[in-house]
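> Next input, structure requested:
(chains A and B)
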Amino acid sequence: EAQVTQNPRYLITVTGKKLTVTCSQNMNHEYMSWYRQDPGLGLRQIYYSMNVEVTDKGDVPEGYKVSRKEKRNFPLILESPSPNQTSLYFCASSFQGQPNSPLHFGNGTRLTVT
Amino acid sequence: SQQGEEDPQALSIQEGENATMNCSYKTSINNLQWYRQNSGRGLVHLILIRSNEREKHSGRLRVTLDTSKKSSSLLITASRAADTASYFCATDAVTSGTYKYIFGTGTRLKVLA
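Alright, predicted model coming up:
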């Protein structure tokens, strides 16, 4: 089944403790992206990747890192999480990151930083 | 307002009625897409309409696009309880040769059985 898989689904951590949220897709998509969703703010893009070893900042990249060493994986790294990074995170992928390519989303990771 | 802003923010209707939600955007686009999100889950792509199209249908969904007004509408006909979800429009923007998708804040639809 074609899908985008994120793990974990829920994560509670403390300020400053490094964490990684994994994202994997099995559709051979070139484009991958991370979003965060906050009430009243919609989805905001954190980072995106047009292809392996190519990553770029989205609208809210501060406090996050990503890597794209393989086509299928695009982990999101929080080196020193802070409470303002408490949010619902989504990974998404599309065929070529072209505007006529629909995004496929994972089921989300709900992160709480205390 | 943001690129891709939906209106109304929330909508409550009876099963069988039609639901209409609107999206306004600011800059020129190539395409506009609509997505559905069930509570706390990932977004699911519904329909894409290109900038040179005025109307598109998919099952009970009808999307219109008016580029002169920079607006789009999503109509769900004969709504069902299972249509209860949030609906987002997404527009594309070209930035430094790469494309990005800009999402609005969504319309929360509740269909009462």
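> which stretches of chain B form strands?
When secondary structure is read from DSSP state E, chain B shows strands at B:5-7, B:10-14, B:19-24, B:31-37, B:43-50, B:55-58, B:61-66, B:71-76, B:85-95, B:98-103, B:107-112.
> quick one, the fifth one and strand B:61-66 angle?
Right, the one you point to is strand B:43-50. Relative orientation of strand B:43-50 versus strand B:61-66 (axes from the mean of the first three to the mean of the last three CA atoms, to 10 degrees): 50 degrees.
> Can I get stretch B:45-52 as PDB, trimmed to CA atoms?
The C-alpha atoms that make up stretch B:45-52 are tabulated as PDB, following Å, rounded to 0.1, in the frame of the first residue of the first chain:
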ATOM      1  CA  HIS B  45      -6.000  15.100  -1.400                       C
ATOM      2  CA  LEU B  46      -9.500  15.700  -2.800                       C
ATOM      3  CA  ILE B  47      -9.200  17.600  -6.100                       C
ATOM      4  CA  LEU B  48      -6.900  19.800  -8.100                       C
ATOM      5  CA  ILE B  49      -8.000  22.600 -10.400                       C
ATOM      6  CA  ARG B  50      -5.600  24.300 -12.800                       C
ATOM      7  CA  SER B  51      -5.500  28.000 -13.300                       C
ATOM      8  CA  ASN B  52      -7.000  27.700 -16.800                       C
END
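> Can you verify my assumption that B:N22 contacts B:D7?
Yes. In this structure, B:N22 sits in contact with B:D7. The criterion is CB atoms under 8 Å, and the distance is 4.7 Å. Yep, even glycine has a C-beta here, placed from its N, CA and C like the rest.
> can you tell me if stretch A:41-55 touches chain B.
Yes. With CB under 8 Å from any CB of the partner chain as the criterion, chain B is reached by stretch A:41-55 at A:L41, A:G42, A:L43, A:R44, A:Q45, A:Y48, A:M50.
> For beta bridges, what are the partners of the fifth one?
Same thing as A:Q45. With DSSP bridges as the criterion, the beta-bridge partners of A:Q45 are A:Y35.
> Pretty sure it sits against A:Y31.
No. A:Q45 is not in contact with A:Y31 according to CB under 8 Å; the separation is 11.7 Å.
> and the two? which has more neighbours close in?
When A:Q45 is set against A:Y31 and neighbours are counted by other CB atoms under 10 Å in any protein chain shown, the residue ahead is A:Y31, at 23 against 20.
> Who is that one paired with across the strands?
In beta-bridge terms (that is, DSSP bridges), A:Y31 pairs with A:S94.
> tell me the contacts of it?
Going by CB atoms under 8 Å, 6 or more residues apart in numbering or on different chains, A:Y31 touches A:Y48, A:S49, A:M50, A:N51, A:S93, A:S94, A:F95, A:Q96, A:G97, A:S101.
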